[in-house]
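A.B. asks: Prediction below, plus the sequence it came from.
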Amino acid sequence: MKHSILLIEDNLEMQSLLRILLEDAGYSLYSATTAYDALNVLETNSNLSLILLDLTLPDMPADVFLSKVKTGELAKGSPIVYFSANPYLNQMPLIKGVTGVIQKPFQIDSFLKQILEFIQEHQKHTPSGLVIKPEPKQFTTLM
């Protein structure tokens, strides 16, 4: 069973780099550049291992997106992780429903480790908690 991730990132270069990184690490990836695109993906792919949500999207604030996801029960309990270059991200209180944060820029090995930890932590609290560990490759820094 391959873990699937929804990547919501409006910067196409960053999205492309993260797609390569995550797919090379063994993940199945869905991507969206706007919150509305992400909602459409969630309507047909709600059983995800993780949702990576850029904090600043062009069409909708992240808290409004989260509200729509929870109201429509679209994520089916998938962990949602904010990631952003906002220098105050780690100081911001987590909105209910957000599992954690990843600060950009980040070390790629650290990023992959965090992704795996968020997925494994979520699986500990789900009935079918089967843990499959993709073998991450060695990378450097991604900005």
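C.D. replies: Cool, the structure landed. Residues are numbered from 1 along each chain as shown.

A.B. asks: give me the number of residues near Phe111?
C.D. replies: 24 (other Cβ atoms under 10 Å). The way it works is simple: take the backbone N, C-alpha and C, and place the C-beta from them, glycine included.

A.B. asks: Correct me if wrong: it contacts Ile102.
C.D. replies: Yes - between Phe111 and Ile102 a contact is recorded at 6.4 Å, counting by Cβ atoms under 8 Å.

A.B. asks: mind listing what the most centrally placed residue in the chain touches?
C.D. replies: Nearest to the geometric centre of the chain sits Leu52, at 1.6 Å (Cα atoms, centre = their mean). Neighbour list for Leu52: Ile5, Leu6, Leu7, Ile8, Glu9, Leu18, Val81, Phe83, Ile102, Ile115 [criterion: Cβ atoms under 8 Å, 6 or more residues apart in numbering].

A.B. asks: quick check, it in a strand?
C.D. replies: Yes - judged by DSSP: H, G, I helix; E, B strand; the rest coil, Leu52 forms part of a strand.

A.B. asks: about what we covered before: out of the contacts of Leu52, which one has the weakest pLDDT?
C.D. replies: Ranked by pLDDT, these bottom out at Phe83, which has 85.
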